[in-house]
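>>> Starting from these lines, generate the structure:
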Amino acid sequence: MFSRHFRVFFRIHRHVFQTFRAHIRSFLFNGFHKSCSLRVGTLLPLVILRSAECSQRDDQEVRRLSRKRTMSKVRYETCLEGRAQNYLNAIKVRWEQLHKTPGLFSYQLHKTPQCRRIPGHWGFYTELNADRALKRRRPQTIENLNPTFKPTMFNFNKVNAQEVIMTIHDAFGSPEVQMIINKSPITKYHTLICPEVGKNHVQRITRDVLEFCITFMRSIDDKNIRMGYNSPGALASVNHLHFHLLHMPQDLYIDQAPLDELVGGHVYRLSRRAPTEAICIVFNKEDNAEQVEEKVDQLYKLAMWMCQNNMPHNLFITQDRRKGKSGDVQVFVFARSEYCVNKDLVDFNVGFCELAGYIPLPDPDKMENLTELQVLYRIRTVTGEAPKAVYEEITNIVEGCEQSLWDLPLTI
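Numbering: from 1, shown residues only. As a prediction, this is how the structure comes out:
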């Protein structure tokens, strides 16, 4: 009877069978009193099975608890690293709800927009978004990379309260951040990341918002979420500090662009084989808090150097989608030699989306006729020779031989 009931179980759970056999041998070797042999013999298999099951469960629990952390469990659960995924889940749900609210957005995104992968080696992706060109708020003209805040112009203190998806103010060590819908969205979940709105920061990167965005991206489990930043002169449309959060599930040009190491083992540049230029700072999955701090410092110093030299720039932050790089976050920095404001161009505007390989277009004819050569020419025109100066400066920053402000070249 015992054999009939337990044969199948032991066949599946071989480790339990081995434990059971060892206990039986020990039990028989030591002997037992005849008067209790039947009772013990009946209960023994159940006791052994329960013991083996608990032992296996304890081993699994130990393995789970041995996960490396750079902070205590309590601290982890109260800081951005522990809460980012919950924030993102809530943003998605609330964004979908607001997108259905009549009159709140300037227009409704199409569920299946017309799109096209431009023929060519690099695979730039285009998507039709005619409403954005026609119905978006008129972009502001921002005079330089060290602008002054103008409270009479549109800013995020003036948005309708219903446009605020959430306010993140309970993440230990992070600034207060409002997540606000972009009323003229490029993609689903298009949200503006606005730190310390009441302090009226101009559209110039602060270290806190840089660290917030990078930490957020390192802490979520969704490779389709990307972030971006446009400085003044690089397609910024509002002079109030904000980053963009977007849903881009497509494989973009930047995701597979070859990289060459530049300095420090974590700073790269787009390969000389690539048709465009940018630097890429990699935040590895294994980086501890000190390493993250150091890389954020380097990135912030570079951004300030570009501002001091009036060099427009764009940032694109994404989880690494290359094979074997899961968990790493890449921050691409695109420097530009040409200062521009938002305007209708013959081809298309160039912000962080376009530089990464995602090109929203207002006209179906333009979308169907745009060539890879035209895209590359447009990008090279706005970036010019600026990236070469950035390669040199980031090398100086990482190696600890930064130039003084008086030695810096003036770029216009």
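
>>> And the spatially most central residue of the chain, how close does it get to I181?
The centroid of the chain falls nearest to M217 when counting by CA atoms, centre = their mean (3.4 Å). Distance of M217 to I181, computed by CB to CB, to the nearest Å: 20 Å. For glycine as for every other residue, the C-beta is placed from the backbone atoms N, C-alpha and C.

>>> sorry, back to before: give me the three-state assignment for the residue nearest to the centre of the chain.
Judged by DSSP: H, G, I helix; E, B strand; the rest coil, the three-state class of M217 is helix.

>>> That one: what's it in contact with?
I225, M227, I317, T318, Q319, V329 (CB atoms under 8 Å, 6 or more residues apart in numbering).

>>> mean confidence score for the helix or strand harbouring the third one?
Element membership of I317, judged by DSSP states H and E, is strand 313-319. Averaged across strand 313-319, pLDDT comes to 98.

>>> So in that sheet, which strands flank it, and in what orientation?
Using DSSP bridges, strand 313-319 pairs in its sheet with strand 225-230 (antiparallel), strand 329-335 (antiparallel).

>>> Looking at those, spot the one closest to V209.
When these are compared by CB to CB, strand 225-230 sits nearest V209, at 8.8 Å.

>>> okay, now the closest residue to Y125 other than its chain neighbours: neighbour count?
Nearest residue to Y125, sequence neighbours excluded (CB to CB, 6 or more residues apart in numbering): Q250, at 5.1 Å. When neighbours are counted by other CB atoms under 10 Å, Q250 registers 15.

>>> Check the gap between P195 and P364 for me.
As judged by CB to CB, P195 and P364 stand 38 Å apart.

>>> more crowded one of those two?
P195 (21 against 12).

>>> and the closest residue to the more buried one other than its chain neighbours, helix, strand or coil?
Take P195 and drop its neighbours on the chain: the residue closest to it by CB to CB, 6+ apart is V209, 4.4 Å away. Secondary structure, three-state DSSP: V209 is helix.

>>> residues contacting V209?
By CB under 8 Å, 6+ apart, V209 lies in contact with P175, V177, I193, P195, L241, F243.

>>> so the third one sits right up against L246, yeah?
No - if you go by CB atoms under 8 Å, I193 and L246 don't touch, sitting 10.8 Å apart.

>>> Give the residues shared as contacts by these two.
M227.

>>> show me what contacts the closest residue to K135 other than its chain neighbours?
Among residues not flanking K135 along the chain, S106 sits closest, at 4.4 Å (CB to CB, 6+ apart). Shown in contact with S106 (CB under 8 Å, 6+ apart): D131, K135, R136, R137, K183, S184.
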